[in-house]
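In: Only the shape, not the letters, is given here:
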C-alpha cells in the first residue's frame, strides 16, 4: 500500500521555465511533509518542508504548496536551472513519529538547456 | 561541520552471509534513522535509534537489526542475506528526532548480494 505517491516517474523542463512536481498521500495522519533532492551516488538532500498548519512555504526558487483536503502537495521550482536535474522525493510523516518518514517513489527531473 | 558518514560505501556479499553497516551522524545529532532504497520499493524506513534505544521501527523482518552507541554512532546488521536485500542503505541523522527536526542523509552503502 503506497501511502505517498509520485505518479510521474520523470519530467523534462526547459531551462528558465517552471518545474512542477506533484505528490499525493492517502494517510490523513500525515501532518509534516518534506521534499528531498537526490543526485546519483549521493544521499537525499533536504530541500524544503511544510507542516499541515500552512498551505505554502517558500525558500528562494523553491515553493511547496499543500492542499490538505485533496491530500496533495506540489513543489514548484522557478526558474529551473540545469543543476536542478536530479531525482526528487516527497516524504511525509505524522509529527509524533517525525523520524519515520514515508517516501514517494521519486520523480526524475531533467532540465534541458 | 562534517556530514553524515557511512562505511563502507560498497559491499558485495553472498546469500546466507551477514553484514554490518556503520553510520556516524553529524556531530551533536542524537537520532539516527536507517532506510533501504530499492528500484522496486523506493525508500523504506527500517528503524530509528535515539539515546542507544530503538524508538521507531518499520516493517522489516527480524533479520534486520541495529544498535546505537553512546557517541550516537549506529550500526545496522543484516543476517542470512537474501538476493532481495541488495539495495542502497541510507542513514540519516537529526538533532533530537522530534517534531520537525530535519533528517540529514549520508551517501549510503551499496550492498550487492550474489
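Out: That came in fine, so what should we check first? Owing to the predicted nature of the structure, the values given are computational and were not obtained by experimental measurement. Residues are numbered from 1 along each chain as shown, chains lettered A, B, ... in the order given.

In: can we go C-alpha only for contacts and neighbour counts from here?
Out: Will do.

In: For the closest residue to residue B:102 other than its chain neighbours, give me phi and psi.
Out: In space, and not counting its chain neighbours, residue B:102 is closest to residue B:94: 6.0 Å by C-alpha to C-alpha, 6 or more residues apart in numbering or on different chains. Residue B:94 has phi and psi values of phi -150, psi 160 when expressed as degrees, to the nearest 10.

In: In contact with residue B:94, which residues are there?
Out: Contact partners of residue B:94, counting by C-alpha atoms under 8 Å, 6 or more residues apart in numbering or on different chains, are B:25-26, B:29-32, B:101-104.

In: For residue A:48, state which of those residues is nearest.
Out: Distances from those to residue A:48 were compared by C-alpha to C-alpha; the smallest belongs to residue B:102, at 9.5 Å.

In: In chain B, which residue sits closest to chain A?
Out: Among the residues of chain B, residue B:107 lies closest to chain A, at 4.1 Å counting by C-alpha to the nearest C-alpha.

In: residues near that residue, how many?
Out: By other C-alpha atoms under 10 Å in any protein chain shown, 24 other residues sit near residue B:107.

In: contacting residues for it?
Out: Counting by C-alpha under 8 Å, 6+ apart, residue B:107 has contacts A:41-44, B:4-6, B:9, B:90.

In: got the contact list for the residue nearest in space to the middle of chain B?
Out: Nearest residue to the geometric centre of chain B (C-alpha atoms, centre = their mean): residue B:34, 3.2 Å. Going by C-alpha under 8 Å, 6+ apart, residue B:34 touches B:45-48, B:76, B:89-92.

In: same thing with residue A:9?
Out: Counting by C-alpha under 8 Å, 6+ apart, residue A:9 has contacts A:105-108.

In: want to try CSV for those, with pLDDT, secondary structure and distance to residue B:52 as columns?
Out: Formatted as CSV, these follow (pLDDT from 0 to 100; DSSP: H, G, I helix; E, B strand; the rest coil; distance: C-alpha to C-alpha, whole Å):
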residue, pLDDT, secondary structure, distance to residue B:52
A:105, 92, coil, 30
A:106, 93, coil, 31
A:107, 95, strand, 35
A:108, 96, strand, 36
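
In: Quick one: buried ones out of the contacts of residue B:107?
Out: A:43-44, B:4-6, B:9, B:90 (16 or more other C-alpha atoms under 10 Å in any protein chain shown).

In: Looking at those, which two lie furthest apart in space?
Out: Maximum distance among the buried ones among the contacts of residue B:107 (C-alpha to C-alpha): 15.2 Å, for A:44 and B:9.

In: Now residue B:88. Nearest residue, chain neighbours left out?
Out: residue B:110 (4.4 Å).
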